[in-house]
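Colleague: What follows is a predicted protein model with its sequence.
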Amino acid sequence: MAMEGLGTGVQHRRDSFGCAVDGLDEDWQLAAGTMTFFRKAAKTAPGRVTTPASTDGYLIGLSAQGGHRRRIFDGHRSTVHDFGADHVYVRDLREPYKADLSGSFDFILAEVSTDDLAEIAAESDLGDVSALAITTARPDALLAGMLRALLGSSARQQSNSLFVDQLSTAIGVHLVHAYGNGRLQETDRRLALTSKQEKLAKELLQSRIAEDVSIAEIALLCGLPRFTFIRAFRETIGVTPYEWLRQARIERACILLRNGEFSLADIAAACGYSNVLNFVGAFKAATTVTPDAWRISTSARSSFS
């Protein structure tokens, strides 16, 4: 993507999308599963945007706030679009793009190839998906919620990639269902893990409770595609792999807290949390009390027993 400041002639260092780096207040990316996500934000929109035809894929953009306007050019014609908060655009990266951007500029972007879209669709009971519908300024609260969660501070601080993997998978499935040109295939099949697959998955998750583990790694161990594995795990166990791991971490934390010999920092590290603050927040969310309060309460009950 090439961005040109209107009427300036000043050369700026550009990022991979052509944005002037010194004009961005937020500029980072996150690779997750088969997609790459970006956050691009500035106090004011960058003006003229031109994009030559490039890769075989799609760019999905979510306006994180209202007040954004863009005039999109198509040959000698142009159309004006006003974006509210959580409004989405979808554009084909194989087509050149030219637009004038004004007003607010705070976008979460997702880039995905057509091959990866086809893979997602095949695992989502859709027929062949060869394209996404070109869309501009369409409200999509569901996609907005998932993208905000994916790129939120808590997600970026996760010490493992399960949370990110699952959210990116859900985003991909939503995209092919909401914007894809495939047709839903009627099926009454119930996906489920075999007892051996369930045992392998749980053992790997338990053994890597303090380390990084990805959906792809567990799925490979079970001999299943990523998307199929997530669905089968949830169908079999009743929760997603990340939810299961989150509960397993809390259970291990309780064991270590009951022991009484470990500091909160030691327990946080042993249970896969990046720092004590994240551990305390997760523990309180699961048990309604802080680790220290839980340890004191458990110790008091033990004294009376």
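Modeller: Structure's in. What do you need?
Colleague: and the gap between Thr36 and Cys254?
Modeller: 37 Å (Cβ to Cβ, to the nearest Å). C-beta: built from backbone N, CA, C; applies to glycine.
Colleague: again with His87
Modeller: Taken as Cβ to Cβ, the span from His87 to Cys254 is 44 Å.
Colleague: Compare these two and say which is more crowded by neighbours.
Modeller: His87 (22 against 19; other Cβ atoms under 10 Å).
Colleague: CA atoms of stretch 69-77 as CSV?
Modeller: Once non-C-alpha atoms are left out, stretch 69-77 reads as follows in CSV (Å, rounded to 0.1, in the frame of the first residue of the first chain):
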residue,chain,number,x,y,z
ARG,A,69,-14.4,9.1,5.7
ARG,A,70,-13.0,7.9,2.4
ARG,A,71,-13.6,8.7,-1.2
ILE,A,72,-12.8,5.6,-3.3
PHE,A,73,-11.9,6.0,-6.9
ASP,A,74,-12.8,3.6,-9.7
GLY,A,75,-11.5,4.8,-13.0
HIS,A,76,-13.1,8.2,-13.5
ARG,A,77,-15.8,7.6,-10.9
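Colleague: How about it, which residues are buried there?
Modeller: Counting neighbours by 16 or more other Cβ atoms under 10 Å, one finds that the buried residues in stretch 69-77 are Arg69, Arg70, Ile72, Phe73.
Colleague: Am I right that the second one is in contact with His81?
Modeller: It refers to Arg70. Yes. If you go by Cβ atoms under 8 Å, Arg70 and His81 touch, sitting 5.6 Å apart.
Colleague: Common neighbours of those two, please.
Modeller: Thr136 (Cβ atoms under 8 Å, 6 or more residues apart in numbering).
Colleague: check contacts around Arg94.
Modeller: So Arg94 contacts Ala53, Ser54, Thr55, Asp56, Gly57 (Cβ under 8 Å, 6+ apart).
Colleague: Where strands are concerned, which of the residues you listed count?
Modeller: Among these, DSSP state E puts Gly57 in strands.
Colleague: Most neighbours of all the contacts of Arg94, which one?
Modeller: Counting by other Cβ under 10 Å, top hit in those: Gly57 with 18 neighbours.
Colleague: ok, that one touching Thr114?
Modeller: Yes. Between Gly57 and Thr114 there is a contact under Cβ under 8 Å: 5.9 Å.
Colleague: thinking again about what came up before, would you list the buried residues of stretch 69-77 in CSV and tack on distance to Ile209, pLDDT and secondary structure?
Modeller: Listed next are the buried residues of stretch 69-77 as CSV, based on distance: Cβ to Cβ, whole Å; pLDDT from 0 to 100; DSSP: H, G, I helix; E, B strand; the rest coil:
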residue, distance to Ile209, pLDDT, secondary structure
Arg69, 48, 96, strand
Arg70, 46, 95, strand
Ile72, 49, 96, strand
Phe73, 53, 95, strand
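Colleague: which residue is nearest the middle of this structure?
Modeller: Leu150 (3.5 Å; Cα atoms, centre = their mean).
Colleague: so what's it scoring on pLDDT?
Modeller: Leu150 is assigned 85 on the pLDDT scale.
Colleague: residue contacts, it?
Modeller: Leu30, Ala32, Phe37, Val164, Leu167, Ser168, Ile171.
Colleague: Repeat the analysis, applying 6 Å as the threshold.
Modeller: By Cβ atoms under 6 Å, 6 or more residues apart in numbering, the contact list for Leu150 reads Leu167.
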